[in-house]
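In: curious how this folds, go ahead:
(2 chains, ligands or ions: 2)
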Amino acid sequence: MLSIENLHVSVGDKQILKGISLNIGHGEVHAIMGPNGSGKSTLAHVLAGRDGYTVNSGTVRYNGVDLLDLAPEERAREGVFLAFQYPVEIPGVSNIVLLKAALNSIRKHKGLDELDAMDFISLVKSKTKLVDMDEKFLYRAVNEGFSGGEKKRNEILQMAVLEPRLAILDETDSGLDIDAIKIVSDGVNALRSEDRSIVLVTHYQRLLDYIKPDFVHVLAGGRIVKSGDASLALELEDRGYGWVQQHAGA
Amino acid sequence: MSTSTQEIEKLIGQDYKQGFVTDLDADTFPPGLNEDVIAAISAKKKEPEFLLEWRLKAYRHWLTLKSPEWAFVKFPPIDYQAMSYYSAPKDKGDGPKSIEEVDPKLLETYKKLGIPLAEQERLAGVAVDAIFDSVSVATTFKEKLAEAGVIFCPISEAVQTHPELVQQYLGSVVPVSDNYFAALNSAVFTDGSFVFIPKGVRCPMELSTYFRINAANTGQFERTLIIAEESSHVSYLEGCTAPMRDENQLHAAVVELVALDNAEIKYSTVQNWYPGDENGVGGIYNFVTKRGDCRGQNSKISWTQVETGSAITWKYPSCVLTGDNSVGEFYSVALTNNHQQADTGTKMIHIGKNTRSTIISKGISAGKAQNIYRGLVKVLKGAENARNYTQCDSLLIGDKCGAHTFPYMEIRQPTAQVEHEASTSKISEDQLFYCMQRGISAEDAVCMIVNGFCKEVFKELPMEFAVEAQALLGISLEGSVG
Ligand SMILES: Nc1ncnc2c1ncn2[C@@H]1O[C@H](COP(=O)(O)OP(=O)(O)O)[C@@H](O)[C@H]1O
Ligand SMILES: [Mg+2]
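Out: Ligands and ions are numbered 1, 2, ... in the order given. You can find the predicted model right below:
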């Protein structure tokens, strides 16, 4: 469903991604691990269509279309979802307002009617349970004054409501204590399905104790230096990132 | 780069939907201003003698004044001899007519503006006084209101039918000598609404006046007077639009509100005068003096305004809190785009004991616009335990616009409690990207954030107008996504 070929990306005159190739099939869960600064968030942002990155070469096909050709909101409506590493605060706009605008724009794109207020509320309320979130959060301004863990849970709530086909979770575990990681992981696991592919971007392997990936890739210095199955994450934990970086002969 | 600053600016290109001109025969005075012109206006309106005297006194005083220069706004000097001071659609006989007799072209105009006067006669809910250039062309629900003892009519009619009330209250809140534009207005005002709510009456419906400038090269000098007697209650709304023209046109209004013991007046404005084009050509100069006097104990006056129009807005709806325990409120959203300038705010003058005031001001600037909040909180010696809370928030869209806040305080009573909070924020590219990543277009995201920013003010508007105000902000922010 997603096929990245030899992707080179720079910011300003700094080369960050130096030839990434990756294939993700329907319903697969891929973990992308790597040391800080290796380019994980850059890859996530480029897939989501964020400004400020220059794609120098390479292609990204998503369900048969050229993903890089689509505007960010079009990608979202086509089912690409990014759970942000640092979710932004939007004062004055409540969670529920954002969710409604988002869901309706996606439904419109699919040729569906807008959900009426009652159906929408009950849908959203049912999803809050998935991430063990108090309904009161729905009426608070988007991420404003949320703790780190609440922000991450809120991202997963949005994912649950918007039902993407490709979800990229950027360090959804970072800054969370074990209990919070469990809640978030349970939420993500509940959302695993045959027609939803998931990319887990993470620095630590502990998230992978809770969400079992089908594949693990190690990103270092802008390249995927090693790929394998779930056991690669454990090996990494034992040996540290130094091992793969050496291994890659960078 | 779809969310860069330039793009954000493109998003907020203007689309003024009320900019058409109605083509009809008008009775228009030649340009120029002198005592004869004032006498001619007074004669047209068949005014009692005292009013002509009052106008001439104001005119003579105005001649001694200079145009104010302290506001932050910039405009070339206005040539007061070059504009006309009276224009009315022809064939309008004396006094107001029933809706059936109103020129169909006028009804069509109001319908296009979203105010179907003819249907409104039948629909319950809101009574409308429609003011077209210098005259009122229709007032709906007059009879029904009269049953409740409420007087709602053009002020030009009130001077004939209730001269004693007009004489008692006109100029009692904004004296003719108050300021340059108030003096000019007192000399040449042509129409506006008159509202009188007798003792103990809760006005059975919303009252509203819709101001429309149509004729070219004409100033509109609105004069509105609202009197709420003891323990009465009224909610009033005004709306305003004008055609798109390259010349600037002047709208210089005076609005006076009087609330006696335990009375409450809620005054809401949705102002959408033509703002000029994206290069700053044309648009209305909106120079307005609005003031309410909480004359009685426990009285309350609330101003709520949503201002998206005009090339220049110069306006400070104010409350004089004379009565003990009286309450003044000011809720404002002012949006300026392109080359618009707004210097707006309020004055809260605490005179009585235990008087309270609240000021919530939301300024939004986009394009090259300048948005200024200017507010005065004055607590006089006798105003024991006076309290004020002021909150001024500015939202910037793009980086060529500006927001400035000038809070003035004069506190002469040690028990007074005055609080001021201010904030300035910008719609960030991160916020827009976040929304877009959820499937929302940048344009809708800007609207959503702006509406969220204005929420506290919108909730003060009567329900149906809150919806209108939101739509209006949306239109003012409309454009194409690059
Ligand atoms: N906007 C930017 N401007 C300059 N350098 C950037 C920018 N974004 C990312 N980088 C650099 O790119 C590299 C990769 O960053 P990032 O993708 O955030 O890494 P990771 O998510 O793996 O920690 C880092 O060296 C970072 O400093
Ligand atoms: Mg990162």
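In: find the closest residue to ligand 2 in chain A.
Out: residue A:41 (3.1 Å; Cβ to the ion). The C-beta positions use only the backbone N, C-alpha and C, and glycine is treated the same way.
In: quick one: that residue from residue B:373, how far?
Out: Separation of residue A:41 from residue B:373 (Cβ to Cβ, to the nearest Å): 39 Å.
In: quick one: the strands in the stretch 251-400 of chain B, in order.
Out: Assigned strands in the stretch 251-400 of chain B, in chain order: B:264-271, B:283-294, B:300-307, B:312-315, B:318-321, B:327-336, B:341-350, B:356-366, B:370-379, B:387-397 (criterion: DSSP state E, counting those that start in this stretch).
In: my error: substitute the stretch 51-200 of chain B in the last question.
Out: Using DSSP E, counting those that start in this stretch, strands in the stretch 51-200 of chain B cover B:87-89, B:126-132, B:135-139, B:151-154, B:193-197.
In: quick one: mean pLDDT over the longest one.
Out: Rounded to a whole number, the mean pLDDT of strand B:126-132 is 70.
In: enumerate every residue touching residue 184.
Out: Since no chain was named, I'll use chain A. With contact taken as Cβ atoms under 8 Å, 6 or more residues apart in numbering or on different chains, residue A:184 is in contact with A:131, A:152, A:153, A:156, A:172, A:173, A:176.
In: my bad, the chain I had in mind was chain B
Out: With the criterion set at Cβ under 8 Å, 6+ apart, residue B:184 makes contact with B:58, B:62, B:80, B:221, B:252.
In: CSV for these, including neighbour count, distance to residue A:98 and pLDDT?
Out: Formatted as CSV, these follow (neighbours: other Cβ atoms under 10 Å in any protein chain shown; distance: Cβ to Cβ, whole Å; pLDDT from 0 to 100):
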residue, neighbour count, distance to residue A:98, pLDDT
B:58, 24, 53, 95
B:62, 22, 52, 94
B:80, 16, 51, 87
B:221, 24, 45, 87
B:252, 24, 43, 86
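In: and the furthest pair within those?
Out: B:58 and B:80 (13.8 Å; Cβ to Cβ).
In: and chain A, which residues reach ligand 2?
Out: Residues of chain A lying close to ligand 2 (Cβ under 5 Å from the ion) are A:40, A:41, A:85.
In: per-residue confidence at the first one?
Out: Same thing as residue A:40. On the pLDDT scale, residue A:40 gets 96.
In: thought it was touching residue A:170?
Out: Yes - Residue A:40 is within contact range of residue A:170, at 7.1 Å (criterion: Cβ atoms under 8 Å).
In: which residues of the chain fall in helices?
Out: No chain in the question, so chain A it is. For chain A, the helices defined by DSSP state H cover A:40-48, A:72-77, A:95-109, A:117-130, A:148-162, A:178-190, A:207-210, A:230-239, A:241-247.
In: I was thinking of chain B, sorry if that wasn't clear
Out: Using DSSP H, helices in chain B cover B:5-11, B:35-44, B:49-63, B:104-112, B:117-122, B:142-147, B:155-161, B:163-169, B:180-188, B:429-437, B:442-458, B:463-476.
In: weakest of those by average pLDDT?
Out: Among the helices of chain B, helix B:5-11 carries the lowest mean pLDDT (a mean of 48).
In: sorry, back to before: now tabulate the contacts of residue A:184 in TSV and tack on neighbour count, pLDDT and distance to residue B:168.
Out: Formatted as TSV, these follow (neighbours: other Cβ atoms under 10 Å in any protein chain shown; pLDDT from 0 to 100; distance: Cβ to Cβ, whole Å):
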residue	neighbour count	pLDDT	distance to residue B:168
A:131	24	91	65
A:152	28	94	66
A:153	24	94	64
A:156	25	96	66
A:172	28	93	70
A:173	21	91	74
A:176	21	88	70
